[in-house]
Structure formats: C-alpha cells, structure tokens
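**Student:** Predicted model follows, preceded by the sequence.
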Amino acid sequence: MARVIFHLDMDAFYASVEQRDHPELRGQPVIVGAPPDRRGVVCAASYEARRFGVRSAMPSRTAARLCPQGLFVRPRMETYREESHRIMEIVAAAGAVIEQVSVDEAYLDFSEVIPEGDPDRALQASLPIARALKQRISAERGLTASIGIGANKLIAKIASDYGKPDGLILIPERDKALFLRTLPVGSLHGVGRVTGEALRSQGLNTIGDIQDYRGDLRSLVGSYAVTLGAFARGEDQRPLDFDSFARSISSETTFERDSADRTLLRATLREQAAEIAAKLEREKMAAQTVQVKVRYGDFTTLTRQLSVAEPLDTSREIYRTACLILGRNRLVNRPLRLLGLGVSNLVPPTSQLLFDFLRAAPGA
C-alpha cells in the first residue's frame, strides 16, 4: 500500500483566530502576547506583523520596536484549544488517521482511503481530499490552513512550510530529491542550530550539498549521519505517533520585576498548580513527572524535574512536588525573571486504572 501523508498547519493560528473574532483586526499587524510595556514574549504574530520581523518567542518589547504600529492582544488559550478541537473534528470526518503534534499542526495518514496504486498515483488521488479539507475549514471555521502532501512525514512537513500561507503543495516521489536540493540544511528534521553550524562549517549549506557529499558525515554529526543522509534523499520511515500530543501541560509566569520573594513565588506556584490540576481533570489524566523552570535576570534558564511512582492529579500534590524541586536544586539563589511549572508522562488516574483493571478481570 502506498503511503499518503498530509501535514496540516494552520496559518498564524492564534493571530488568525483573533482577526476572525475581531473584524477590526483584519489586515492589521496583530501580535498575540504580553503587552510591550510589560515583561513577556510574543506567542504568535499575524503575517502583517511578520513582515516587520516579528516572530514567536521574541520579547514583546523587541516586537514593539520592530513594529511600532503592532496591535498587541492577550492570548486566549482556552479559545485556541477549543478551535483546535473543532478543526480536528473536521479532519477526522475526512477519514484520516491523525497524529496531532500541537494545537495548530497535525500529520494525517490517508493511506487507507486512497485507491491502491503506485505511490505517485496515490498522492495525486489525494488532491481532491486536501482541497475539500481546506475549503471546509475555511467555510466552517473562517480560517486558512496550509497542507503539504508526500509519501512520508518529512516531505509532507517541508511541503506545507514551503506553501505557506494558505498553500497546497504535493511532492511526487519521483521528484522529492530534486525538490529538496536547493533548500537550506535547516529544513531537515533534526537539524538544529548546533548541527546546522557543523554542516555549514564544511560548506554544506543546502540539502543538495549533503546529497552530493562524499565524505564521512559521522565526523560532523555523529550517529545522526545515517538518518541525515536518508532525510537528505527524502526518505523517512517514521510512523505516525498517536501519543505525541497532550503529553504535557505547563504554565509560566513572567514577573514585572525580578523577584526572590518566597511569598510571591509560592503564590505563583499555587496558581500554576491549580491551573494544571484543572486541565488534568478535564483530560481525565494524572502526571508522573513534575518539572520546574526558572529564568534569571540575565536570561539564564534552568529546568529540573522529578518523577514519582504514584501519578499526581491534585493541585496540592503538584505544588508540594514543585516546592521540593525548587528547594532540592536551590533554584531560587537569586531573583527570578520567570517561573514555570509543568507536568508530563501523563497517564489515567490511579482510580481509573483500577476501575479498568477490575472491569477487565475474569468474572467481573
């Protein structure tokens, strides 16, 4: 069976939701995040703002300097999550097997619903599905999505990035290596800053350079060499991962002024723990790992975590574990700019696990 993989990526998702819900923001440089007169970062930027160089994770003050006419909007995370749920309902109705990797991004496997045939015919047969999916999202949700289509996750992801915004790009199997040749090495999955610098130091600037390289990639990237060579040729055997999304929940607070005030820090952790516990309850999950993140005034950032045998699902348990992590690692040794709390390794609560076990037991 030929593989047919879509990569669906909503265009400037948070900012687009704000522009849809607030018509006065349409066509304007919208910046979702903390206001520029307060500490914080950009969560998302509309394409109008991106033209000025505004990017996510950028300090809001920097964004305001780059785009003085930018309109700052506080993020509405619950609204975005609900919107994501509605979009994924539309996707599921199209018959896809879904790997949701973030609130606005997913891989879709349509291999089971496409008539059998050679790989390129199967990919071409998927185009009407992709067009209908984009049209339905636009009509029902008032948002645009970019879709990349390929025979594997790597090609589909690169295609969707290449076609943004509101794009639909299909990369045939026979053309994939040629399509990749002119793209920068950073386009490949797994090539981050350090790996990219190692490759560029040897004159490997494009994926085509890697395809043509006759040296030993292991001397540059170690054990990643075999995978990198395969990716450069457009080969990717990774299956869809159905447990990749909602495997963690977190909350962060950036303080107006750097602070080591224990009362303030404890109150912040309690609020974050309550927020996380509420989300765990909604998801009917518990956490086996608690993580604390701190950022100091010089932007040095540290994360420390602790895993427990008995899953946690109450704000009190999460808060006490966070305090233990802070104290054990002496993280508050100077004023903090940011304090974050997160949980991961999510599993059903112990009571649910016991119920499932008893229900499955013989004679139950």
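**Tutor:** Alright, I've got the coordinates.

**Student:** Would you mind confirming that residue 56 makes contact with residue 49?
**Tutor:** No. Between residue 56 and residue 49 there is no contact under CB atoms under 8 Å: 10.5 Å. Yep, even glycine has a C-beta here, placed from its N, CA and C like the rest.

**Student:** Settle it for me: which of the two has more neighbours?
**Tutor:** residue 49 (26 against 17; other CB atoms under 10 Å).

**Student:** and the gap between the residue nearest to the spatial centre of the chain and residue 276?
**Tutor:** Geometric centre of the chain, nearest residue: residue 102, 4.1 Å, by CA atoms, centre = their mean. Remark: distance between residue 102 and residue 276 (CB to CB, to the nearest Å) = 18 Å.

**Student:** Contact partners for residue 16?
**Tutor:** Residue 16 is in contact with 10, 46, 143-144, counting by CB atoms under 8 Å, 6 or more residues apart in numbering.

**Student:** Most neighbours among these, which one?
**Tutor:** residue 46 (26 neighbours).

**Student:** That one contacts residue 11, correct?
**Tutor:** No. Using CB under 8 Å, residue 46 makes no contact with residue 11, being 9.4 Å away.

**Student:** and for the two, which residues touch both?
**Tutor:** By CB under 8 Å, 6+ apart, no residue touches both residue 46 and residue 11.

**Student:** domain ranges for the chain?
**Tutor:** 1-172, 181-232, 248-353 (automatic domain parsing).

**Student:** tell me the most buried of these?
**Tutor:** For these, the largest average neighbour count (mean count of other CB atoms under 10 Å) is found in domain 1-172, namely a mean of 19.

**Student:** what is the mean pLDDT for that domain?
**Tutor:** Domain 1-172 shows a mean pLDDT of 93.

**Student:** Now do the helices in the stretch 101-250 of the chain.
**Tutor:** 119-125, 127-141, 153-163, 176-180, 193-200, 207-212, 218-221, 225-232 (DSSP state H, counting those that start in this stretch).

**Student:** nearest to residue 341, of the ones you listed?
**Tutor:** helix 193-200 (26.8 Å; CB to CB).

**Student:** Does anything pack onto the closest one? Which helices or strands?
**Tutor:** The helices and strands touching helix 193-200, judged by 3 or more CB pairs under 8 Å, 6 or more residues apart in numbering; DSSP states H and E, are helix 218-221.

**Student:** Wait, residue 241 touches residue 98, no?
**Tutor:** No. Assessed by CB under 8 Å, residue 241 is found out of contact with residue 98, at 10.8 Å.

**Student:** Which single helix of the chain contains the most residues?
**Tutor:** helix 262-283 (DSSP state H).

**Student:** Just give the strands next to the helix or strand following that helix in its sheet, each with its orientation.
**Tutor:** Next along the chain after helix 262-283, taking DSSP states H and E as the criterion, comes strand 286-296. Strand 286-296 has the following sheet partners, assigned by DSSP bridges: strand 301-312 (antiparallel), strand 336-347 (antiparallel).

**Student:** okay, those strands in TSV with distance to residue 289 and mean pLDDT next?
**Tutor:** What follows is these, written out as TSV (distance: least, CB to CB, whole Å; pLDDT from 0 to 100):
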stretch	distance to residue 289	mean pLDDT
strand 301-312	5	88
strand 336-347	4	89
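
**Student:** Turn the ones you listed into TSV, columns for distance to residue 321.
**Tutor:** Shown next, in TSV, are the strands paired with strand 286-296 (distance: least, CB to CB, whole Å):
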stretch	distance to residue 321
strand 301-312	6
strand 336-347	9
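
**Student:** closest one to residue 22 among those?
**Tutor:** Short answer: strand 336-347, nearest of the strands paired with strand 286-296 by CB to CB, at 28.5 Å.

**Student:** roughly how far out does that closest one sit from the chain middle?
**Tutor:** 16 Å (CA atoms, centre = their mean, to the nearest Å).

**Student:** What of stretch 98-112?
**Tutor:** 12 Å.

**Student:** And the contacts of it?
**Tutor:** So stretch 98-112 is in contact with 1-10, 13-14, 80-81, 84, 88, 91-92, 94-97, 122, 126, 129, 153, 156-157, 240-242, 244-246, going by CB under 8 Å, 6+ apart.

**Student:** Can you get me the start-to-end distance on that stretch?
**Tutor:** 12 Å (CA to CA, to the nearest Å).
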